[in-house]
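let's see this in three dimensions:
(2 chains)
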Amino acid sequence: MFDKSKYSVNQKLIKDFVKQLSKSCDYSYFLENMKNEQFSTEYWATMGEAGYIGIITPEECGGAGFRGEELAVFMYHMARSTLASYQLMTQIVCCELLTKFGTEKQKKKFLPEIIDGKLCSLATSDLHEGMNLFEMNVTAAKEGKTYTLNGTKSYVFGAKESDRLIVAARTANKDCEKEGISLFILIGEADGIELTPKEINIRTTVTLEPEFMTITGDRVYELRFTNVEIPLESRIGEENMGGQVVQEAADLLMIMMATAAVGWGDYVLEKAVEHAKKRVIFEEPIGSYQAVQHPLARAKTELELAKLAVGRAVMAYQSEEDKEDISIYAGIAKYSATEASYTAFDVSMQTHGGYSADRETGIITLWPMVLLSRIIPLNNDVILEKYAEAGLGLAEGAIS
Amino acid sequence: MNMEILVCVKSVPDTEESEIEVNADGSDIKRDDLVYTINEWDNYAVEEAVELVDEHGGSVTVVTVGDDQCEEVLRREMAMGANHGLLLMDDAFEGSDGKGIANILKAAVEKESYDLIMTGAQSDTGAGQVGGMLAALLDYPYASLVNSIEVMDEKKLKVGREIEGGNQEMNEIDLPCVLSIQTGINEPRYVTIRGIRKVSSVEIPTLGASDLGVSGDSVGTGAARVKRIDYFLPELGKGTEMLGGDTEEIVEKLIGILEAKGGLK
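A predicted model of the protein is given here:
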C-alpha cells in the first residue's frame, strides 16, 4: 500500500501535492507557529484551496470522491512530511459523517464550507468517560423545537478555531446504555459554551513552558455546555442512533491515525538512520555498531508489519465490508501502527542521543503526536479489550 | 482575445526522491526504480499559460515526447489547470537529440493552430536547446529565459528576460512565438484533489511518427548529431576537500578553514 513504485498516477499526484505543500509549510513554519502559539493559517488556507479535506467526499457533495487507498496515501505522506494533524483527520471525519448521515440540507450547507477550509471540531469524548458511549453523560434534552445541551466534553481538537462543532450527546435512556446517543452540528461559538485549553506538555531543553499546541498546530480543548439551545434540525442522523455514527467516526479516525502513525514512524526512523550514518564515534559511524543497527532494523520491521495491517483495514473500509469487520481491522491497524510508531520513535531518540531533545532536529516535537496516537480516538488497551470480545469471542471482561 | 497555448513539458528524474548514480557502462544514469516528476521549469511555464488563459480566454495544451510513463506528467499539469494533453510516442523517437525532439514538436505544432508555444528554459540535461531550435524550425520569433509576460494585443506580447548580473531586459515579440520560461516567473499552483479526479478518466491522445508525418531520418538515434559518448562523476579537483561528520562538525571545520584562510577575523 505504501510502496511508491506501485502507486497509481492519482496516488503519485497526491504524493506530489504533499511534497509541494511541505515546501511552503515546512517544519520551520510549524515550529515558528508553535513557539509563537500562532494558528497555522496558511496551512489551512492551502488545504481549503486544494480541496484535500474532501478527498473521500463524493463529487456530488463537492469532494473528489476517492476512497480508502488515496486517503491512506495522502495521510501517510502528510505524516511522513510532518504535515498530518489531528485536526486534519477530524475535518475528513466530519465530512464523512455529514455525507453518510446528514440531511440533504446539512450536506448542502456544511460540506462545501468544511471542504473549503472552515474548521469543524468533533466532540465525542466525555470529560471522565472518554469514548465510552455506555457512560456518556453529556445530555441533549428535547423540548419543543430545540434540544438543550449540558455537560462537558474533553479532547476536542481545534474547538476554539472551529466555525462548526459536531457533538455527541445522550438524548434517551440513562447512563450505561449504548443506545440513546444522538449527534448534532452547531456553531462553534454558541452561547453557553465555555472553552478551556488543555496543555500538551512537551517540556524540552528549549523551553520549560507548557505547550498548548502540537507541532502541526493542534490545540486541544475541554468544552463545557451549559444550557446550550440548538434547533431540532441540527441533529445528524436518526435520534438515539448516534452510537453507530460515533463508531463509524472512530473507525475512520483509527484508520487515519494508523496511516499517519506509520508515516511518523518512517519519518523518525529515516532521521535516525541518517544520523547513524553521519555521527562518528571511535572513528566509525555509530550505524556500523550492532547495538545501534539492531534496534533500528527491529523498529523498521515492526513498522513494515504494521503497514500490512493498515493496508487490510484500508481495504475493508474501501470495500465497505461488514461494519463489525471494519471496526476490528481498524482497531488492529491502529494498535499495531501506533505501537510500532512509538517503538520507532523511542529507537530514533536513542540513536540521536542528546540531539533528539533539540527541537531543531525535528524529533522531540513529534513526540506528543506519536504519544497521543496511542490514546486517540481509543486507547490501545480498549482496542485490545474490544478485540478480545468481538474478535476472539471472549466474555465481556471485568476491568482489571 | 482567446489564446491557444502549447506548453512542451518533460518527465525528469526526481532528484529529491531518487539517488542519481551513473550506470555500469557509463552511458547514462541508473534508471531502474527512479521516481520521475515534471521538469521544474516546465511547471512554471504551465502555470504561466494557465494564468494567461484565465485572464484572456483560450486553452492550454501540454505536450511531451516520451513513453507511456510520461503520461503522468501530462495528467499532473492537466490537474493543475491545462485543458488538454498530448503524448508523442513512437519507437522511432528514441535516442533523439535536441534537434530531433524539436522536429517532433514542430510536427505537433503544425497539426494545430497555436498562438504561443512555451518550453522550460532547460531540463535535467541542462542543454536548453529545444525552445530555440523549435522556434527556428517553425520560423517563429523566440525569447529565452523569460521571467514576465504581458499581452499587449492579439499580435504582440511584452516579455521580460533575465540577464546576467541581475539586469532585466524588456522585449516586444510578435505572435505566434516560442518562449522559454525561467523559474520564478510565477508561483505554480497546487495540484488540487478535484483536479486529480477531473483528469483521472480523461483519455490522452497519443500521436506517433506516421500521425505526425515525421520521417525516420529526422528523429531518433540515427538522426542524432549530438551523441553522448561518456557519462561520469568528475574526480575531485586539486585542492578540493570534502568535509565529513554531522552538520555541527562540518560547520566547525568550515569555520576553521575560513579563519585559517583569513575569511573570518
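
let's see stretch B:132-144 as PDB, backbone CA atoms only.
Taking C-alpha atoms only, stretch B:132-144 is exported to PDB below (Å, rounded to 0.1, in the frame of the first residue of the first chain):
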ATOM      1  CA  GLY B 132      15.400  27.800 -29.700                       C
ATOM      2  CA  MET B 133      15.500  25.000 -32.200                       C
ATOM      3  CA  LEU B 134      11.700  24.700 -32.300                       C
ATOM      4  CA  ALA B 135      11.400  28.400 -33.000                       C
ATOM      5  CA  ALA B 136      14.000  28.200 -35.700                       C
ATOM      6  CA  LEU B 137      12.300  25.200 -37.400                       C
ATOM      7  CA  LEU B 138       8.900  27.000 -37.200                       C
ATOM      8  CA  ASP B 139      10.500  30.300 -38.200                       C
ATOM      9  CA  TYR B 140       8.800  31.900 -35.200                       C
ATOM     10  CA  PRO B 141      10.400  34.600 -33.100                       C
ATOM     11  CA  TYR B 142      12.000  33.400 -29.900                       C
ATOM     12  CA  ALA B 143      12.800  34.700 -26.400                       C
ATOM     13  CA  SER B 144      14.700  32.800 -23.900                       C
END
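
which parts of that stretch are buried?
By neighbour count on 16 or more other Cβ atoms under 10 Å in any protein chain shown, the buried set for stretch B:132-144 is B:132-135, B:137-138, B:140-144. In this view, the C-beta of every residue, glycine as well, is placed from N, C-alpha and C.

and those residues, which of them are in strands?
Mapping the buried residues of stretch B:132-144 onto strands (DSSP state E) picks out B:142-144.

so which bits of chain B are right by chain A?
B:16-17, B:33, B:35, B:37, B:71-72, B:75-76, B:79, B:188, B:190-194, B:196-197, B:200, B:244-246, B:249 (Cβ under 8 Å from any Cβ of the partner chain).

which of the residues you listed fall in helices?
Applying DSSP state H to the residues of chain B next to chain A, the entries found in helices are B:71-72, B:75-76, B:79, B:193-194, B:196-197, B:200, B:249.

could I get the buried residue list for stretch A:102-114?
In terms of neighbour count (16+ other Cβ under 10 Å), stretch A:102-114 has its buried residues at A:102, A:106-107, A:110-111, A:114.

which one of the ones in strands among the buried residues of stretch B:132-144 sits closest to residue A:302?
Ranked by distance to residue A:302 (Cβ to Cβ), those are led by residue B:144 at 53.1 Å.

these two touch, right, that closest one and residue B:161?
Yes: taking Cβ atoms under 8 Å as the definition, residue B:144 is a contact partner of residue B:161 at 7.0 Å.

CA atoms only for the helix or strand that residue A:165 is a member of - export them in CSV, please.
Here residue A:165 is covered by strand A:164-170, with elements defined by DSSP states H and E. Once non-C-alpha atoms are left out, strand A:164-170 reads as follows in CSV (Å, rounded to 0.1, in the frame of the first residue of the first chain):
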residue,chain,number,x,y,z
ARG,A,164,-18.7,24.4,13.5
LEU,A,165,-18.9,21.7,16.1
ILE,A,166,-20.3,18.2,15.9
VAL,A,167,-21.3,17.0,19.4
ALA,A,168,-22.4,13.5,20.6
ALA,A,169,-24.9,13.7,23.5
ARG,A,170,-27.3,11.5,25.3
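
packing partners for the longest helix anywhere in chain B?
The residue-count maximum for a helix in chain B (DSSP H) belongs to helix B:40-56. Applying 3 or more Cβ pairs under 8 Å, 6 or more residues apart in numbering or on different chains; DSSP states H and E, we find helix B:40-56 packed against strand B:3-8, strand B:58-65, helix B:71-80, strand B:116-120, strand B:142-153, strand B:177-181.

contact partners for the residue sitting furthest away from the middle of chain A?
Residue farthest from the centre of chain A, counting by Cα atoms, centre = their mean, is residue A:283 at 43.1 Å. Contact analysis of residue A:283 by Cβ atoms under 8 Å, 6 or more residues apart in numbering or on different chains lists nothing.

got a list of contacts for the longest helix of chain B?
Residues contacting helix B:40-56 (Cβ under 8 Å, 6+ apart): B:1-3, B:5, B:7-10, B:58-60, B:62, B:73, B:77, B:80-83, B:116, B:118-123, B:149, B:151, B:179-189.

give me the pLDDT for residue 262.
No chain in the question, so chain A it is. Per-residue pLDDT puts residue A:262 at 97.

meant chain B actually
At residue B:262, pLDDT is 79.

could you do residue B:123 as well?
89.

residue A:36 versus that one, what's the distance?
Separation of residue B:123 from residue A:36 (Cβ to Cβ, to the nearest Å): 40 Å.

tell me which of those two has more neighbours.
When residue B:123 and residue A:36 are compared on other Cβ atoms under 10 Å in any protein chain shown, the one with more neighbours turns out to be residue B:123, at 21 against 8.

how close does that one sit to residue B:180?
Distance of residue B:123 to residue B:180, given as Cβ to Cβ: 10 Å.

ditto for residue B:189
Distance, residue B:189 to residue B:180, using Cβ to Cβ: 21 Å.

who has more neighbours, these two?
Between residue B:189 and residue B:180, counted using other Cβ under 10 Å, residue B:180 has the larger neighbour count: 26 against 17.

list the contacts for the residue nearest to that one when sequence neighbours are not counted?
Leaving out its chain neighbours, the residue that sits closest to residue B:180 by Cβ to Cβ, 6 or more residues apart in numbering or on different chains is residue B:131, at 3.6 Å. Contact analysis of residue B:131 by Cβ under 8 Å, 6+ apart lists B:8, B:119-121, B:142, B:144, B:178-180.

CA atoms of stretch A:149-158 as CSV?
Taking Å, rounded to 0.1, in the frame of the first residue of the first chain, the C-alpha atoms of stretch A:149-158 are listed here in CSV:
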residue,chain,number,x,y,z
LEU,A,149,-27.1,20.6,25.7
ASN,A,150,-25.5,20.2,29.1
GLY,A,151,-22.2,18.5,30.2
THR,A,152,-18.5,18.6,29.5
LYS,A,153,-16.5,17.2,26.6
SER,A,154,-12.8,16.7,26.6
TYR,A,155,-10.1,16.3,24.0
VAL,A,156,-11.8,18.4,21.4
PHE,A,157,-9.2,19.4,18.8
GLY,A,158,-9.4,22.9,17.5
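
which residues does that stretch contact?
Outside of stretch A:149-158, the residues within contact range by Cβ under 8 Å, 6+ apart are A:86-87, A:90, A:119, A:121-128, A:130, A:137-141, A:165, A:167, A:169, A:184, A:192, A:198, A:218-230, A:376.

next, the buried residues of that stretch.
For stretch A:149-158, by 16+ other Cβ under 10 Å, it's A:149-158.

columns pLDDT and secondary structure on top of the residues you listed, output as TSV?
Formatted as TSV, these follow (pLDDT from 0 to 100; DSSP: H, G, I helix; E, B strand; the rest coil):
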residue	pLDDT	secondary structure
A:149	94	strand
A:150	94	strand
A:151	93	strand
A:152	92	strand
A:153	90	strand
A:154	86	strand
A:155	83	strand
A:156	88	strand
A:157	86	strand
A:158	85	coil
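
fine by me, we can end here.
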